[in-house]
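Chemist: sequence plus the predicted model coming up.
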Amino acid sequence: MTTAWQFYFITLLTYSGVNIIAAWALNLQYGLGGILNFAFIIFQAVGAYAAAVLTLGPAGGITTFQTYVGGAHLPWLLALVVATLAGGVLALLVGLVALRPKRTDYQGMVLLTVAIIAAVVVTDEKGWLNGASGLVGVPKPFNESLGLGLIEYGWFYVGVVAVAVVLVFIVIHLLTSSPWCRQVRAMREDPVAAEALGLNVPARRLQVFVIGGAIAAFSGALLVGYIGSWSPGAWGPGETFLLFVCIVVGGLGNNFGAAVGSVLVLTVLFNGLAYLPIFSYTTAAEALQLVLLGLIVIAFLWFKPRGLFPERRRRFAFPSAGPDRGTAVAVEEAR
């Protein structure tokens, strides 16, 4: 296999892993929690920016051409943890304001406004994160200690992303298989009835939002470690829209469906064409992407509105005999 094709598959697999993690985060917030998070991409961006400034070192050294706040030479794993926590903290602060309206459409409008404001502020305030130019030269994790070539290191990073995907899947599976997630589903389906039964809906909604924001930041930190740069142009509202398409195509509320949707929409349709050696950076690839995306959205809205893998419905069994006759017992289908 030629170097160009190896680099193509390395890029494709790395982006696939990052996109799957991001799709799981949005599926947790919207597919399970019903939170219309139109500001999702800013949490991925804060993870990328945090990981960048924590590994670039203080501004003014070898990066005199760019300015940013803070700056440190932390080990990559520690920077990854801090970036994840930064996403959770930002989600907490934003959620305390944006999730106050009870109507989900109002929440979505507030979050979209927050995303637009964040992009404008980061772009105009050059001293914060180097403005519209963004940050470049982010050190590649473990690159200096390993001493690998470009292709060898690329395959190593694919393995790092694969491990990250497995870890996030374990966390997501534990969350979605717990009684806590059943409460989240009840909140999504009928928040008024859930509150009447004693469920603290605002608290559960904020919990879902914070966990999803932290996982989104984790995915951003992984991505910036591979591409080595991040700028406001990488986190426009269109990026959030693509992730919404992923979970709609795969199936809202279904973790496996969200992963499949991200692979089909982002890996095959977008990244698969954009980084293909014979089509890379051409108007033909971009036009084909937009046409296919439009056709996919129309087809799924018309023929498959619940996605390829719909969320499993809960069934109820009634005991046929005994003192508890007539009492409904929830029986969950196998996941």
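Modeler: Good, I have the coordinates.
Chemist: show me the helices in the stretch 101-250 of the chain, by range?
Modeler: Remark: helices assigned in the stretch 101-250 of the chain by DSSP state H, counting those that start in this stretch are 104-124, 126-129, 143-146, 150-176, 179-189, 191-196, 201-227, 237-250.
Chemist: okay, those, which one's buried deepest?
Modeler: For those, the largest average neighbour count (mean count of other C-beta atoms under 10 Å) is found in helix 201-227, namely a mean of 24. Quick note: C-beta positions are derived from backbone N, CA and C, even for glycine.
Chemist: what's the angle between it and helix 179-189?
Modeler: Interaxial angle of helix 201-227 relative to helix 179-189 (axes from the mean of the first three to the mean of the last three C-alpha atoms, to 10 degrees): 110 degrees.
Chemist: hmm, back to that, what would the helices of the stretch 101-250 of the chain look like in a markdown table with mean pLDDT and distance to Gly294?
Modeler: Below are the helices of the stretch 101-250 of the chain laid out as a markdown table (pLDDT from 0 to 100; distance: least, C-beta to C-beta, whole Å):
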| stretch | mean pLDDT | distance to Gly294 |
| --- | --- | --- |
| helix 104-124 | 91 | 21 |
| helix 126-129 | 87 | 33 |
| helix 143-146 | 84 | 40 |
| helix 150-176 | 95 | 29 |
| helix 179-189 | 90 | 28 |
| helix 191-196 | 88 | 34 |
| helix 201-227 | 95 | 26 |
| helix 237-250 | 88 | 10 |
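Chemist: adding distance to Ala25, write those out as CSV.
Modeler: Output for the helices of the stretch 101-250 of the chain, formatted as CSV (distance: least, C-beta to C-beta, whole Å):
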stretch, distance to Ala25
helix 104-124, 14
helix 126-129, 22
helix 143-146, 27
helix 150-176, 8
helix 179-189, 14
helix 191-196, 21
helix 201-227, 4
helix 237-250, 9
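Chemist: look up phi and psi at Leu36.
Modeler: Torsion angles at Leu36 (phi, psi; degrees, to the nearest 10) stand at phi -80, psi 80.
Chemist: stretch 109-126: how far from the chain's middle?
Modeler: With C-alpha atoms, centre = their mean, to the nearest Å as the basis, stretch 109-126 stands 18 Å off its chain's centre.
Chemist: equivalent analysis for stretch 239-254, please.
Modeler: How far stretch 239-254 lies from its chain's middle: 10 Å, per C-alpha atoms, centre = their mean.
Chemist: pull the residues that contact that stretch.
Modeler: Residues outside stretch 239-254 that contact it (C-beta atoms under 8 Å, 6 or more residues apart in numbering): 19, 22-23, 26-27, 30-32, 37-41, 44, 115, 185, 256-262, 264-266, 270, 293, 296-297, 300, 306-312.
Chemist: recalculate using a threshold of 7 Å.
Modeler: Applying C-beta atoms under 7 Å, 6 or more residues apart in numbering, the contact partners of stretch 239-254 are 22-23, 26-27, 30-32, 38, 40-41, 257-262, 264-266, 296-297, 300, 306-311.
Chemist: and the gap between Ile41 and Gly154?
Modeler: 25 Å (C-beta to C-beta, to the nearest Å).
Chemist: what does Leu148 give?
Modeler: Leu148 is 9 Å from Gly154, where distance means C-beta to C-beta.
Chemist: ok, Ala119 next?
Modeler: Distance from Ala119 to Gly154, counting by C-beta to C-beta: 30 Å.
Chemist: now do Gly147
Modeler: Noted for Gly147: a distance of 14 Å to Gly154, by C-beta to C-beta.
Chemist: cool, and Gly137?
Modeler: As for Gly137, its distance to Gly154 is 18 Å (criterion: C-beta to C-beta).
Chemist: with Pro310 instead?
Modeler: Distance from Pro310 to Gly154, by C-beta to C-beta: 36 Å.
Chemist: related to what we said a few turns ago, give me the buried entries from the contacts of stretch 239-254.
Modeler: For the contacts of stretch 239-254, a neighbour count by 16 or more other C-beta atoms under 10 Å gives the buried set as 22-23, 26-27, 30-32, 38, 40-41, 257-262, 264-266, 296-297, 300, 307-309, 311.
Chemist: quick check, Trp24 in contact with Ile172.
Modeler: Yes: at 5.1 Å, Trp24 counts as touching Ile172 under the criterion of C-beta atoms under 7 Å.
Chemist: tell me, what's touching these two both at once?
Modeler: Joint contacts of Trp24 and Ile172 (C-beta under 7 Å, 6+ apart) are Asn255.
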